[in-house]
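Q: below are the sequence and a predicted model; questions follow.
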Amino acid sequence: MILTANRYAQALFDLCKENSWLEIVYEDFKNLYNLLDIEEGFEELLQNSFLSHQNRLDILKSLFEGKLDDVTYRIVVFLEEKKHLNMLRAIIKLFINSYLEYKNIIRITIISSVYLNTQQINAISHHLKLKFRKEIEPELVIDPALLGGFKIRIGDIIYDYSIQTQLTRFHKQLLSA
């Protein structure tokens with residue numbers, strides 16, 4: 001399944017690049033991926049084996065026709081036609097990763113206990129842009145459990161600048177001195 005999803009994602013990426021659809025499909029795919037995360041049961045609905053092909057097409061039409069760009073809508077319908085709608089999440093994720101790599105962009109998540117203003121987010125992004133020599137696409141997540149400070153997640157790596165971590169480091173230094 002992963003190999004098939006990878007082939008579809010790469011073929012879609014190449015097709016979109018060739019036809020100047022990358023930006024459009026990327027934005028739609030980001031929204032679709034968020035929808036798959038937010039709406040519990042949506043993915044299961046699309047994969048429900050008790051639904052006929054026509055029922056799934058009707059659902060796709062009612063949900064996405066006119067709401068997604070026509071290119072993206074046709075991609076989703078095409079996946080249903082090929083009976084690969086169950087791979088939608090994987091295909092979208094692989095497509096997004098290809099897009100980000102192609103555009104030299106790193107997606108980061110800034111986790112903070114309080115809302116950060118645009119200037120603060122831009123300062124963090126600018127610092128990371130200089131460090132990694134890539135464009136930065138930030139996302140802010142509020143975690144009230146943090147006492148203060150923030151964490152930055154880049155892929156699987158977390159840079160922890162929270163007050164709790166700073167206090168723990170300080171405490172260890174005092175004990176080792």
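A: Yep, that arrived.
Q: can I assume Leu51 sits in a strand?
A: No: under DSSP: H, G, I helix; E, B strand; the rest coil, Leu51 sits outside any strand and is assigned coil.
Q: just the strands in this structure please.
A: Per DSSP state E, the chain carries strands over the ranges 105-112, 135-142, 149-154, 157-162.
Q: so where's the protein shaky on pLDDT?
A: For the chain, applying pLDDT under 70 flags the ranges 177.
Q: re the thing from before, quick one: closest of the strands of the chain to Ile121.
A: Evaluated with Cβ to Cβ, the strands of the chain place strand 135-142 nearest to Ile121, the distance being 5.4 Å. Quick note: C-beta positions are derived from backbone N, CA and C, even for glycine.
Q: which of the residues in that closest one are buried?
A: 136, 138, 140 (16 or more other Cβ atoms under 10 Å).
Q: ok, now which ones touch the residue positioned nearest the centre of the chain?
A: Central residue of the chain (Cα atoms, centre = their mean): Lys30, 5.9 Å from the mean position. For Lys30, the contacting residues are Ile96, by Cβ atoms under 8 Å, 6 or more residues apart in numbering.
Q: residues making contact with stretch 144-158?
A: Contacts of stretch 144-158 (Cβ under 8 Å, 6+ apart): 106-113, 116, 124, 128, 159-166.
Q: among the residues you listed, which ones are buried?
A: Buried subset of the contacts of stretch 144-158 (neighbour count, 16+ other Cβ under 10 Å): 106, 108, 110-113, 116, 124, 128, 160, 162.
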